[in-house]
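*Asks:* pasting a predicted model and its sequence here:
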Amino acid sequence: MSEFFGFLLSGVTVGFIYALVGIGFTVIYNSSGIINFSQGEFVMAGGMSTVFLLKAGLPLGVSFILAIMITSMIGIVLYKLISFSKESSQISLIILTLGFAIFLRGLAEVVFDKELHTIPSFVGDGSFDMFGTTLTYQSILIMIVSIVIVTLLYFFFKKTKTGQAMMAASINVDAARLMGINIKKILMINFALSATIAAIGGILLTPITSTNYEVGIMLGLKGFAAAIIGGLSNPFGAVVGGLVLGILESLIAGYVSSEYKDAVAFVVMLGILFFMPGGIFGNTKAQRV
Amino acid sequence: MLKKIGLSILAFLFVSSFMILSAGTIRIGAIVSATGPASFLGDPELKTLQHYVKKINDAGGVDGQKIKLIAYDTSGSPKKAVTFVKRLISQDKVVAIIGPSTTGETMAVIKFVQRAKIPLISMAGAVAIIKPVKKYVFKMVATDRMACKRIMQDLKKRKLTNLALISGSGGFGRSMRKQCKVVAPSYGIKIVADETYGKKDTDMTTQLLKIKNNKKVQAVLNPGFGQGPAIVTKNYRQLKIKQPLYQSHGVASKKFIEMAGKAANGVRLVSPPVIVADKLPDSNPIKKVALAYKNEYEKTFHTQVASFGGHAYDSLYAIVTAIKAEKSTNPQKIRDGIENLKNFQGVDGIVNMSPTDHLGLDTKTGMVMLDIKNGDWVIVK
């Protein structure tokens, strides 16, 4: 039995990593209805910038803030590209984000390098032992930060005017515009916000996963799966989705075979898309027509 | 239409004049994956080739003839490798080819060099490249089978007979896992657990927990490269697994120690000798070459030497040695020259080629066992 809890705990640890990336997907989807496929690259940008700012000799705190600022600027650049685009169909905008992701990977290869990098854990290398496995302080930090971000987002979308305006924009752009909402400004804030969350994720994940220019591919994919499973419009759903994914992967690796672990994400995602297109927490009312 | 004909005549004149001008140079082709997922191989290889070709030319060339290096980047794609090999053979008229960097690419191009009768020295790892022997295909890089044998020898010496594998599912990990399973029985070693993880996984505690709970396991081996082995090593220490942890030559770089941090201490790994050239005993016959290469590389490129660049060095100098020995730049003669290499001192080890052995690398000099202590390597006696 203790083995089962051990697998479960590993799954939860990994699940929160997926969740932290997945949350970013839901934020952009919530206001624009776009799936931003460069979300994983935002995470990479956050991590890589931190690594290189630290290397340049800046203190930890300053590096974090600068890395977050750099990444949110990248988010704004993506928004500008989208708003300049003559095409406004969602499919072409989603393809645009995919292209932007490839561009960011290439850029990172040139601006930074192709090597793997890591940074020391911010809360020390310690860990709690339980069920024959361990919970590192860094993992606990990731869990706490994920939950805090989700809670803040919940209040932001439900209680603040800007958040409400974002929700309105996602449901019906024209109606929102007629109500006097500055759509452009709202969307720009939104992309910056999503990039900020990604950057925080990238910084927190780097001590565990390490980072390089293409780390965003896998993180983006798993985060996307987490967001889909949870229902794209709900940040809380992304956390649950991430946990479902992480735990399933761990149990499959533990009891069946680690060979099949990676197939889990896609099988679950397909199952969800077939049988519950809105995801576990999907709000069918928020579907765009 | 006329314009087109005119252009093609111009192009023809240009090309043919270029061919006349370049007579008296030795045209050597190189196919490396300098960008893309295998760039960690191709990048040091290309740098090494460019640097040493320039060095040879500055010193007057090979018997008075300058080398012209024609290098193409495949970004790791076998399709591109085939295209570039065809181009090297038919347009660039090279006399020998160095590369490709990966096994997949090499297997894809073998057919074409065999048909064109141009010698090729691959820089990839797998045994399949030179077994069975192909007339025009050579390689001097230690195979993953050699690495496995070296590890099994060490395990046998320490009387650790029950081995657990946790392998990366990338090409490197997959191939080495297969080879280790093949050679293990001949050393009396049983594989009692066989786990894998995805190339970009972020956590391997589940797999390691299974190994930890397996009472039979006496040692653990982790074939793989990139961030995988670093995460495995960290998780291994977190779970406080007591058995010795072995790593492959895939992590024989300072990068691994940097990535795994303190967790790396106590890891035993198999490594090509160039990495620890400065620590080799003076009696080691390859110390001089390996150390010279290491120092020059680190001085020129301001980065830690990678074993992969050494493959390029050896390939280039094998061709140069063959040309000097045969006093000819005819591809057929170069092939013969490479096949007749005896006691060739490369960065990767001593090479003795023969018509039945196109690897020729000696296991003893080709691989060393290292322990990581206090963030540095110590050669295992």
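*Replies:* Structure received. Computed from a prediction, not measured in an experiment: that's the story for all the values here.

*Asks:* who touches B:Thr91 in this structure?
*Replies:* Actually, residue B:91 is Gln. It isn't Thr. B:Gln91 makes contact with no residue, according to CB atoms under 8 Å, 6 or more residues apart in numbering or on different chains. Placement of C-beta: from N, CA and C, glycine included.

*Asks:* and chain A, which residues reach chain B?
*Replies:* Where chain A comes near chain B, counting by CB under 8 Å from any CB of the partner chain, the residues are A:3, A:6-7, A:10-11, A:13-14, A:17, A:109, A:114-116, A:118, A:120, A:125, A:127, A:129, A:132-134, A:136, A:205, A:208-210, A:212, A:214-215, A:217-218, A:249-250, A:253-254, A:258-259, A:261-262.

*Asks:* can I get the buried part of these as one PyMOL selection?
*Replies:* Listed next is the PyMOL selection for buried residues among the residues of chain A next to chain B, using 16 or more other CB atoms under 10 Å in any protein chain shown:
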select buried, chain A and resi 3+6+7+10+11+13+14+17+109+114+115+116+118+125+127+132+133+134+136+205+208+209+210+212+214+215+217+218+249+250+253+254+258+261+262
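
*Asks:* so for the top helix by length along chain A, what's the average pLDDT?
*Replies:* Longest helix in chain A by number of residues (criterion: DSSP state H): helix A:2-32. Averaging pLDDT along helix A:2-32 gives 88.

*Asks:* could you point out which element follows it?
*Replies:* helix A:39-55 (DSSP states H and E).

*Asks:* buried ones in the longest helix of chain A, by neighbour count?
*Replies:* A:3, A:6-32.

*Asks:* now stretch B:306-324
*Replies:* Buried-residue list, stretch B:306-324, by 16+ other CB under 10 Å: B:306-323.

*Asks:* what about that stretch, near chain A?
*Replies:* No: with CB under 8 Å from any CB as the criterion, chain A is not reached by stretch B:306-324; the gap is at least 10.6 Å.

*Asks:* just how off-centre is that stretch within its chain?
*Replies:* Chain-centre distance of stretch B:306-324: 11 Å, with CA atoms, centre = their mean, to the nearest Å.

*Asks:* can you check stretch B:294-304 too?
*Replies:* In terms of CA atoms, centre = their mean, the centre of stretch B:294-304 is set 18 Å apart from its chain centre.

*Asks:* and that stretch, which residues are buried?
*Replies:* By 16+ other CB under 10 Å, the buried positions in stretch B:294-304 come out as B:294, B:296-297, B:301.

*Asks:* by contact count, what packs against the longest helix of chain A?
*Replies:* If contacts are counted by 3 or more CB pairs under 8 Å, 6 or more residues apart in numbering or on different chains; DSSP states H and E, helix A:2-32 sits against helix A:39-55, strand A:133-136, helix A:137-159, helix A:161-171, helix A:183-209, helix A:215-230, helix A:235-251, helix B:205-213.

*Asks:* for the closest residue to B:Pro78 other than its chain neighbours, helix, strand, or coil?
*Replies:* Spatially, and ignoring its direct neighbours in sequence, B:Pro78 is nearest to B:Ala108 (3.9 Å; CB to CB, 6 or more residues apart in numbering or on different chains). What DSSP: H, G, I helix; E, B strand; the rest coil gives for B:Ala108 is helix.

*Asks:* likewise A:Gly278?
*Replies:* Three-state assignment for A:Gly278 (three-state DSSP): coil.

*Asks:* verify the contact between it and A:Ile228 for me.
*Replies:* No: assessed by CB atoms under 8 Å, A:Gly278 is found out of contact with A:Ile228, at 10.1 Å.

*Asks:* show me which of these two is the more surrounded one.
*Replies:* Between A:Gly278 and A:Ile228, A:Ile228 has the larger neighbour count (other CB atoms under 10 Å in any protein chain shown), namely 26 against 18.

*Asks:* now do the contacts for the more buried one.
*Replies:* Contacts of A:Ile228 (CB under 8 Å, 6+ apart): A:241, A:269, A:272-273, A:279.

*Asks:* can I get those residues in JSON lines including pLDDT and neighbour count?
*Replies:* JSON lines is the format used below for the contacts of A:Ile228 (pLDDT from 0 to 100; neighbours: other CB atoms under 10 Å in any protein chain shown):
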{"residue": "A:Gly241", "pLDDT": "92", "neighbour count": "35"}
{"residue": "A:Met269", "pLDDT": "83", "neighbour count": "20"}
{"residue": "A:Ile272", "pLDDT": "84", "neighbour count": "21"}
{"residue": "A:Leu273", "pLDDT": "82", "neighbour count": "13"}
{"residue": "A:Gly279", "pLDDT": "76", "neighbour count": "25"}
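
*Asks:* any idea how far A:Phe16 lies from chain B?
*Replies:* Look at A:Phe16 and chain B: by CB to the nearest CB, to the nearest Å, they are 11 Å apart.

*Asks:* from A:Val240, how far off is that residue?
*Replies:* Distance of A:Phe16 to A:Val240, given as CB to CB, to the nearest Å: 11 Å.

*Asks:* among the buried residues of stretch B:294-304, which one lies nearest to A:Ser83?
*Replies:* B:Phe301 (43.2 Å; CB to CB).

*Asks:* right, and the closest one touches B:Lys47 too?
*Replies:* Yes: counting by CB under 8 Å, B:Lys47 is a contact partner of B:Phe301 at 5.9 Å.

*Asks:* if I look at those two, which residues touch both of them?
*Replies:* By CB under 8 Å, 6+ apart, no residue touches both B:Phe301 and B:Lys47.

*Asks:* point me to the residue of the stretch 251-381 of chain B nearest chain A.
*Replies:* Residue nearest to chain A within the stretch 251-381 of chain B (CB to the nearest CB): B:Met259, separated by 5.3 Å.

*Asks:* residues in contact with that residue?
*Replies:* Here B:Met259 is in contact with A:116, A:118, A:210, B:227, B:230 (CB under 8 Å, 6+ apart).

*Asks:* helix or strand for the last one, which one?
*Replies:* Looking back up the chat, that one is B:Ala230. B:Ala230 is part of helix B:227-238, with elements assigned from DSSP H and E.

*Asks:* ok, and the helix or strand in chain B with the lowest average confidence?
*Replies:* Sorted by mean pLDDT, DSSP states H and E, the helices and strands of chain B end with helix B:2-21, the least confident at a mean of 58.

*Asks:* list the buried residues for the next helix or strand after it?
*Replies:* Remark: after helix B:2-21, the chain's next helix or strand is strand B:25-32, criterion DSSP H and E. By neighbour count on 16+ other CB under 10 Å, the buried set for strand B:25-32 is B:26-32.

*Asks:* buried stuff in the very next helix or strand once past strand B:25-32?
*Replies:* The C-terminal neighbour of strand B:25-32 among helices and strands, as given by DSSP H and E, is helix B:39-58. With burial defined by 16+ other CB under 10 Å, the residues of helix B:39-58 counted as buried are B:39-49, B:51-53, B:56-57.

*Asks:* go on, stretch A:84-101?
*Replies:* Using 16+ other CB under 10 Å as the test for burial, stretch A:84-101 gives A:93-94, A:96-97, A:100-101.
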